[in-house]
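Student: Build the 3D model from these lines:
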Amino acid sequence: MYTTQPFLHCSSQSRDNRGARKIAAGIDSQYRKANRRFAGRKAIRLLLLLSVIAVSFLCGTLMNVYAFDQSVESDGAHTVYVGQGDTLWEIASQYKSDSQDIREYIYSIKKANHLTSSALQEGQTLRLP
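Tutor: Below you'll find the predicted structure:
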């Protein structure tokens, strides 16, 4: 009943199979093109997301830098934010006038900020006369 001979196609069946293979190849080709388009769009979206994150990070960093930068108050006095390792001597030597003695300027800074010692803490705000 069952034979072990290979299955033979007649010519009409092989034409039908070739057509089916072409259709399957066409569908496969369309699938690949759609997959490539999707992958390209995915890559573009990823690049846009990374760009937005980078710009946000840079804006935050710049805002942080400018927030802790020195500023001038309305009455003309400067405000300085004390950084790590800053001393009154360094700050006074940077902001004093050429004709002013540095010790007198340090004393006026301490008086304007109600300081009892020369010790400063990082993040402290000093008003310079």
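
Student: can you map out the helices along the protein?
Tutor: Secondary structure of the chain (DSSP state H): helices at 11-67, 88-95, 102-112.

Student: Name the residues of stretch 113-123 that come out as buried.
Tutor: Neighbour-count burial for stretch 113-123 flags 115, 120 (criterion: 16 or more other Cβ atoms under 10 Å). Placement of C-beta: from N, CA and C, glycine included.

Student: ends of it, how far apart?
Tutor: Taking Cα to Cα, to the nearest Å, the first and last residues of stretch 113-123 lie 14 Å apart.

Student: how close does the residue nearest to residue 128 when sequence neighbours are not counted sit to residue 42?
Tutor: Counting by Cβ to Cβ, 6 or more residues apart in numbering, residue 128 lies nearest to residue 78, which is 4.2 Å off, once chain neighbours are set aside. From residue 78 over to residue 42 the distance is 52 Å, taken as Cβ to Cβ, to the nearest Å.

Student: Against residue 42, how distant is residue 35?
Tutor: For residue 35, the distance to residue 42 (Cβ to Cβ) stands at 10 Å.

Student: cool, residue 54 as well?
Tutor: For residue 54, the distance to residue 42 (Cβ to Cβ) stands at 19 Å.

Student: okay, now residue 95: neighbour count?
Tutor: As a burial measure, residue 95 scores 16 neighbours (other Cβ atoms under 10 Å).
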